[in-house]
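*Asks:* sequence and predicted structure are below.
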Amino acid sequence: MMVINCRPHVRPCRSIPSDGLADNEWSTSIPTQYAMLTQPLPLAGGAMLERAGSSGEARLAAALRAEAPWMAAFADRIAERAALSIWAGRPWLALRPMLLVGPPGAGKTYLARRLGALSGCGDAVLSFAGVNSNAVLAGNPRGFRHPQPSLPAMIMQRTNTANPVIVIDEVEKAVASDLGDAVATLVGMLEGGGASRYFDGCLAAEIDLSHINWVMTANRIDRLPAALLSRVEVIHVSGPRPEDAELVLPALWRDVAHQLGLPSSALPQVEQAAENALLRLFRRTRSIRRLRQAIETLVAVSARHRLREVH
């Protein structure tokens, strides 16, 4: 670990050996494409670990608790880890691998993504539903037609942080096959010693994945191997309550805008009748997923009508 401009940094990869390709207008060599990984990357999240407000807990935990009060158990763990990091003199987001277990539509993936956004670490989501190959995590080594680094390496480069939040959604739904076992590969990335010297076949070099903040989600854990369960902190969460509707709706509205790369004010204004219909849907289903889909549909229909008016 090194300090640059008063911020902690680590160098994920010492060097990437040549792949024998020359950089030109038609192709770029692997060392050039992923040169950022050989430079110091910041360990982010320190500012959000500071205590704020009358509760005295980390700003990050307080923000998550305010957005999803039904997931208090998750916010509690974040508060505990934040306090430990500050006490140990490690001012960056450093979580034990977590597994959120709860009913479908409870908002597990949404809140895990918010952890990355609020902390400033950045985030990525990979669904294991129907996955039957470990290539989604391990990437493709050199020699393949399309070599690709491991998912954590690519996310570190995209977020420009050494400790992004990587969400593995529906981790219990992966299926092992002749193409590999995604869960077994994940276990190898969670191991402290192994993760710090993980060999990436595309980079042809060891890369430090030990600072990745892993958050997995599942509806049930009886199908998960003991090897995975022994390496994660299992957190059981409940679904949202009907009275959370007024809290969830504006938060999802902002999230949809963010995903579209727009400010919330740029989204179409909805009539009160439409907003009431969205609130009724959530109170009936108590599903974050269903409400988000309804908002996306409403935005799409409104955008379509606007285009018709323009033309």
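*Replies:* Ah, there it is. Every value quoted in this text rests on a predicted model; they were computed, and no experiment measured them.

*Asks:* could you give the number of residues near the nearest residue in space to Asn160 that is not next to it in sequence?
*Replies:* Closest residue in space to Asn160, ignoring its immediate chain neighbours: Leu41 at 6.4 Å, by CB to CB, 6 or more residues apart in numbering. C-beta coordinates here come from the backbone N, C-alpha and C atoms, glycine included. Around Leu41 there are 24 other residues, counting by other CB atoms under 10 Å.

*Asks:* the one 5 residues further on too?
*Replies:* Gly46 is surrounded by 20 other residues when neighbours are defined as other CB under 10 Å.

*Asks:* go on, Pro242?
*Replies:* 12.

*Asks:* try Val131
*Replies:* 24.

*Asks:* check the gap between it and Thr109 for me.
*Replies:* Computed as CB to CB, to the nearest Å, the Val131 to Thr109 distance reads 15 Å.

*Asks:* which pLDDT value goes with the nearest residue to Gly102 once chain neighbours are set aside?
*Replies:* Excluding its sequence neighbours, the residue lying closest to Gly102 (CB to CB, 6+ apart) is Val237, at 4.0 Å. Looking at Val237, its pLDDT is 92.

*Asks:* tell me how many other residues surround Val237.
*Replies:* 20.

*Asks:* again, but for Arg304
*Replies:* With other CB under 10 Å as criterion, Arg304 counts 10.

*Asks:* how close does Ala245 get to Ile288?
*Replies:* Taken as CB to CB, the span from Ala245 to Ile288 is 11 Å.

*Asks:* more neighbours, these two?
*Replies:* Ile288 (25 against 18).

*Asks:* can you give me the helices in the stretch 1-150 of the chain?
*Replies:* 30-33, 59-67, 72-87, 108-119, 135-138 (DSSP state H, counting those that start in this stretch).

*Asks:* most packed of those helices?
*Replies:* helix 108-119 (a mean of 23; mean count of other CB atoms under 10 Å).

*Asks:* show me what that one is packed up against.
*Replies:* helix 59-67, strand 98-101, strand 123-127, strand 165-169, strand 213-218, helix 245-259 (3 or more CB pairs under 8 Å, 6 or more residues apart in numbering; DSSP states H and E).

*Asks:* could you rerun that using 6 Å?
*Replies:* Counting contacts by 3 or more CB pairs under 6 Å, 6 or more residues apart in numbering; DSSP states H and E, helix 108-119 is packed against helix 59-67, strand 165-169, strand 213-218.

*Asks:* okay, the angle between the first one and helix 245-259?
*Replies:* Compare the direction of helix 59-67 with that of helix 245-259 by axes from the mean of the first three to the mean of the last three CA atoms, to 10 degrees and you get 120 degrees.

*Asks:* the longest helix along the chain: how far from the chain's middle?
*Replies:* Identified as the longest helix of the chain according to DSSP state H is helix 288-310. Centroid separation for helix 288-310 versus its chain: 25 Å, with CA atoms, centre = their mean, to the nearest Å.

*Asks:* output the lowest mean pLDDT helix or strand found in the protein.
*Replies:* helix 288-310 (a mean of 75; mean pLDDT, DSSP states H and E).

*Asks:* give me the contacts around that one.
*Replies:* For helix 288-310, contacts defined as CB atoms under 6 Å, 6 or more residues apart in numbering pick out 105, 107, 110, 252, 256, 267-268, 278, 281-282.

*Asks:* next: stretch 85-99.
*Replies:* 8, 43, 45-46, 49, 81, 119, 121, 163, 190, 213-216, 232-235.

*Asks:* same check on stretch 209-226?
*Replies:* Under CB under 6 Å, 6+ apart, the answer for stretch 209-226 is 93, 95, 97-101, 104, 108-109, 112, 152, 162-163, 165-169, 171-172, 189, 195-196, 198.
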